[in-house]
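Chemist: Here's a sequence, model it:
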Amino acid sequence: MINSSETILFLSGAGLSPWIWDDVRRELPFASVVAPRPTADAPSLRDYAEAAIAAVDDDTFTVVAHSIGGVVASEILRLAPERVNGVLAVSAVVPRSGESFVSAMPFPNRVILPLALRLGGTRPPESAIRRGLGHGLDETLADRIVTDFTTEPRELYLDRTRGHSWTGRAGYLMTTQDRELPESMQQRFAGRLAGDWRESIPTGHLPMLQDSSETAASIARFIAA
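Modeler: Okay, here's the model as predicted:
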């Protein structure tokens, strides 16, 4: 049975605007909010987590974390474990205690990425955005992703998590045609979650845009499980 009184906190992937969740939010019978970016200069990972927590008025909520949002979710679980009913990772990076987004990557990515961030910044070239994030999207959506992409601070990628004691309900939604986070890597991250709820969706890295109906249905099934 679906509890329509549930509240969802959506955590977006790096550089992505809140509107990516609009269609999914319309299809779900729950209150929801998309975590805002923090307003501080050069915000830390903790700043991202605190801004997300502050955006939810209700006492408790379920986190739906996409991509680098999985790292932010880990910090939320450390700061406010009593408020989290569950965590659903959507093609998300799930760090171990003491890992950052970068250090959670397999070799050689965890060696190459810090250098790339230092030399090239955190905004990928347009061609890379279209090839990775845009895979599976129609041209109009891919154009909008490129236009609205926001440069994130390096701290979001490099700040290390500090661990948490939260052991609540967790699940993972895998995207099987993902060019940003291959399915084998997602399986590794899914294995780090305490829960055994897993589903797959045949999309690229942005299932909320490529198939909003099925993404919403998966979220609803997780909450109802």
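
Chemist: Please enumerate the strands of the chain.
Modeler: Using DSSP state E, the strands assigned to the chain run over residues 7-11, 31-34, 61-66, 84-90, 169-175, 197-201.

Chemist: Now tell me what touches the shortest one from outside.
Modeler: Looking back up the chat, that one is strand 31-34. Residues outside strand 31-34 that contact it (CB atoms under 8 Å, 6 or more residues apart in numbering): 5-10, 12, 18, 21, 25, 55-56, 58. In short, each C-beta sits where N, CA and C put it, glycine included.

Chemist: Deepest-packed of the strands of the chain, please.
Modeler: strand 61-66 (a mean of 27; mean count of other CB atoms under 10 Å).

Chemist: Can you give the strand pairings for it, parallel or anti for each?
Modeler: Strand 61-66 has these partner strands in its sheet, going by DSSP bridges: strand 7-11 (parallel), strand 84-90 (parallel).

Chemist: got the strands of the chain as TSV, with mean pLDDT columns?
Modeler: Formatted as TSV, those follow (pLDDT from 0 to 100):
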stretch	mean pLDDT
strand 7-11	98
strand 31-34	98
strand 61-66	98
strand 84-90	98
strand 169-175	97
strand 197-201	98
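
Chemist: what are the bridge partners for the residue nearest in space to the middle of the chain, then?
Modeler: Geometric centre of the chain, nearest residue: His66, 1.9 Å, by CA atoms, centre = their mean. Here His66 sits in beta bridges with Val90, going by DSSP bridges.
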